[in-house]
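Participant: Here is my input; please provide its structure:
(chains A, B, C and D)
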Protein chains: 2
Amino acid sequence: MSTWENRLNQERATVFKALGHPLRLAILDELQNGECCVQDLMQHLNCEQSNLSRHLAVLKQAGIVEAKKQGMFVYYSLTIPCINGFFNCVNQVLTKKIEAHTVINEP
Amino acid sequence: MSTWENRLNQERATVFKALGHPLRLAILDELQNGECCVQDLMQHLNCEQSNLSRHLAVLKQAGIVEAKKQGMFVYYSLTIPCINGFFNCVNQVLTKKIEAHTVINEP
DNA sequence: GTAATATATAACTATATGATAATATAGTAA
DNA sequence: TTACTATATTATCATATAGTTATATATTAC
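Facilitator: Numbers count the residues shown, from 1 in each chain, chains lettered A, B, ... in the order given. Model (predicted):
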């Protein structure tokens, strides 16, 4: 297993790890209907603001979700608007993330 | 969010969680070339037998991988032989798992 | 300026996960 | 039977993650 593959698997694992929590999947389900602010999610998912905020941070960090501030509100949306879910999108998420940050540099 | 959705997200999360580790992804990469016994994986991935065994158990538990004992050896293989990776397969894995164990009963 | 609202962060506790080493189980061979 | 090999399991420790509460930041309205 090359260093390259190692790093790729690290990146991939980060995305999967971010998907590996029921609440985060529920958040993504919500976001498929369009962008939401934390308020909306709190109501729909019936959960603490602070907890939600932390999970959103995980999703954002993994590159699955992006945040856009408008006035007092922060609107979250899927980075890649998948129709049937995000299941087919992992590779695209990764590609985007790599493009954005050039995390991985292959000789 | 209904109880049904809750349980579905739980199940989905389990699969994603299982995918959320670099070594486990590396294992899956290997298994895409065909079934392997633990020996093979130890050599190819250069890792401890005991560690490997635990990670294989996680993958098996999530329904991503299955084990078949032949004599002294245990051969692991992907439950769903995906060509380009398992990324598109999460739903199928879940479906299979649900069919097998009837974990989720919807009214 | 103050008050109110939306979100993020910090601090804490409980639980889960990961790596390693040692041991147990099971199959094979002599 | 004993010895050997392949795999699984257990115990331990270190670290990560999750949920909660309290606090901080930032925006708006007054």
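Participant: Helices of chain A, residue ranges please.
Facilitator: Assigned by DSSP state H, chain A shows helices spanning A:3-19, A:22-31, A:38-45, A:49-61, A:90-101.
Participant: Of the ones you listed, which stretch is the most buried?
Facilitator: helix A:22-31 (a mean of 22; mean count of other C-beta atoms under 10 Å in any protein chain shown). To be clear about C-beta, it is placed using only N, CA and C from the backbone, and glycine gets the same treatment.
Participant: just how off-centre is that one within its chain?
Facilitator: When distances are taken as C-alpha atoms, centre = their mean, to the nearest Å, helix A:22-31 is centred 10 Å away from the chain's centroid.
Participant: Then stretch A:57-77?
Facilitator: 9 Å.
Participant: contacts for stretch A:34-44?
Facilitator: Stretch A:34-44 is contacted from outside by A:27, A:30, A:47-49, A:52-53, A:56, A:68, A:73-77, B:1, using C-beta atoms under 8 Å, 6 or more residues apart in numbering or on different chains.
Participant: near DNA strand C, anything from that stretch?
Facilitator: Yes: judged by C-beta under 7 Å from any atom of the strand, stretch A:34-44 comes into contact with DNA strand C through A:37-39, A:42.
Participant: How about stretch A:49-59?
Facilitator: Yes: using C-beta under 7 Å from any atom of the strand, stretch A:49-59 reaches DNA strand C at A:49-50, A:53-54, A:56-57.
Participant: wait, does that stretch contact chain B?
Facilitator: No: shown here: stretch A:49-59 not in contact with chain B (C-beta under 8 Å from any C-beta of the partner chain), separated by at least 11.4 Å.
Participant: quick one: low-confidence parts of chain A?
Facilitator: Low-confidence segments of chain A (pLDDT under 70): A:1-2, A:4, A:80-107.
Participant: Got the phi and psi for the residue nearest the centre of it?
Facilitator: Nearest residue to the geometric centre of chain A (C-alpha atoms, centre = their mean): residue A:64, 2.3 Å. For residue A:64, the backbone dihedrals are phi -90, psi -30 (criterion: degrees, to the nearest 10).
Participant: thought it was touching residue A:31?
Facilitator: No: using C-beta atoms under 8 Å, residue A:64 is not in contact with residue A:31, being 9.2 Å away.
Participant: Return every residue with contacts to both of those two.
Facilitator: By C-beta under 8 Å, 6+ apart, residue A:64 and residue A:31 have these common neighbours: residue A:78.
Participant: gap between the two ends of stretch A:67-76?
Facilitator: With C-alpha to C-alpha, to the nearest Å as the measure, the first residue of stretch A:67-76 is 5 Å from its last.
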